[in-house]
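J.: Here's a sequence, model it:
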Amino acid sequence: MLLINQRPEHNQPLVPADAEALGLAGADRAEHYLRARDDHAETPLYALPALANGLGIAALHVKDEGQRLGLGSFKALGGAYAVMRLVLEEAGKRFGREVDICEINDPKLRAIAAQMTFCCATDGNHGRSVAQGAGLVGARSVIYVHAGVSAERVAAIARFGAEIVQVEGGYDHAVREVARVGAERGWKIVSNTSWRGYERIPGLVMQGYTVIVREALRHMAEPPTHVFLQAGVGGFAAAFAGYMAILLGERRPKAVVVEPRRSACVYASVEAGRPVTIAPQRSTVMAMLECAEPSLIAWRVLSRVGDAFMTVDEDDAVAVMNRLARPLGNDPAIVSGESGGAGLAGLIRAAGDKGMRAALGLDATSRVVVINSEGATDAGRYTELVGAVPRGLELQIA
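T.: This is a model prediction of the structure:
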């Protein structure tokens, strides 16, 4: 399914708060924080000319976040960044001055962090990022996981010293439980989704994601014409599309938002003309994208800079995992998790449909960027869906 954005606010400027969160100054700060980390390294941007040729487009690049900061997901940039920002801001209040990230190991600052507790709900990757960020500054973290989070992903969060709280229901129920308990206990809630009255911290999480865009553009001779961006609550897609709109203006690429058909809350919201909560359906294999209601910030941004919205099926996601692991021609092999290749799945579906190609302006001159948003964050699930690990990728699965 494909839906072209015809909302009245489409192509209008972002509201001031969103423009500030996703603007150039915020992105500068996010990169400054990132460079202070010992484990920082840019993730690769791969060209896939053979696949591009097969899809009838000029160029295809994949930004591989499966190698980000030891967490295997783009979310390493969001939660941990927000945690560090909040600790330094609290220290600044106590010290009466601005505190820079280079002071993160100062004993006085760490004594302040030790008094702070950060919490969030997660499908797996965001929780690891928040837990890692808390560990980096010496703070406590409490991560709420729902019944659909695999044991391997739960264990990966716990390895960072987080306290794990398991709740019934799905991700959205876990979000509500975190909001309730966090408010009662005075914890810092670091959510990757936003709701009425709670927007600044999710905005910081999204600000961390702008680093991905900056890294990608530095290695491209010219900007892409299209980006296909997967969405759960929509924060990542909004951050990417919003930053490109601010940076490039009228030269920004067309932003196509891709969701699992079984969990398409952003698509449903565009159809309804307002944020909506969708009814529960069967679980999707794209577990990191399984959300019932969009983030309010993401909705505001995507209603302005999201040009089209589409859905993909379960088989599409699994096919992309296998296609990236066993590429055409001399294209590089890439490890992509169940949700990681959803944007590429959208491109492949659109490129193979004459009507979609025309609606999106996809042709032989198109230059497309997609993001592999996660690697094999659940190694058992990856090998189940892809089979034997392709040669040369073993270290990325371990």
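
J.: For the rest of this, base every contact and every neighbour count on C-alpha atoms.
T.: Fine.

J.: Met356 belongs to a strand?
T.: No - secondary structure assignment places Met356 outside any strand; it is helix (DSSP: H, G, I helix; E, B strand; the rest coil).

J.: Can you tell me the closest non-neighbouring residue to it?
T.: Once flanking residues are discounted, Met356 sits nearest to Ala350: 5.2 Å by Cα to Cα, 6 or more residues apart in numbering.

J.: So for that neighbour, what's the pLDDT?
T.: Looking at Ala350, its pLDDT reads 98.

J.: Then Val389?
T.: Per-residue confidence (pLDDT) for Val389: 64.

J.: Mind telling me what element the residue nearest to Met356 is part of?
T.: Following DSSP states H and E, the helix or strand that holds Ala350 is helix 342-351.

J.: Could I get the CA-only coordinates of that helix as CSV?
T.: Taking Å, rounded to 0.1, in the frame of the first residue of the first chain, the C-alpha atoms of helix 342-351 are listed here in CSV:
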residue,chain,number,x,y,z
ALA,A,342,12.5,-2.5,6.1
GLY,A,343,13.4,0.7,4.2
LEU,A,344,15.1,-1.4,1.5
ALA,A,345,12.1,-3.7,1.4
GLY,A,346,9.9,-0.6,0.7
LEU,A,347,12.2,0.5,-2.1
ILE,A,348,12.2,-3.0,-3.7
ARG,A,349,8.4,-3.2,-3.6
ALA,A,350,8.0,0.3,-5.0
ALA,A,351,10.6,-0.2,-7.8
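
J.: Could I get the contacting residues of the residue most central in space within the chain?
T.: Taking Cα atoms, centre = their mean, the centroid of the chain lies closest to Phe236, which sits 3.9 Å from it. Under the criterion of Cα atoms under 8 Å, 6 or more residues apart in numbering, the contact list for Phe236 reads 206, 209, 229-230.

J.: Ok, Ala76 next?
T.: Ala76 makes contact with 68-69, 125-126, 128-129, according to Cα under 8 Å, 6+ apart.

J.: can you map out the strands along the stretch 51-200 of the chain?
T.: Taking DSSP state E, counting those that start in this stretch as the criterion, the stretch 51-200 of the chain carries its strands at 59-64, 117-122, 140-146, 163-167, 188-189.

J.: Now render those strands as CSV, adding distance to Arg326, mean pLDDT and mean neighbour count.
T.: Listed next are the strands of the stretch 51-200 of the chain as CSV, based on distance: least, Cα to Cα, whole Å; pLDDT from 0 to 100; neighbours: other Cα atoms under 10 Å:
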stretch, distance to Arg326, mean pLDDT, mean neighbour count
strand 59-64, 15, 98, 22
strand 117-122, 30, 96, 26
strand 140-146, 33, 96, 25
strand 163-167, 36, 95, 16
strand 188-189, 40, 97, 22
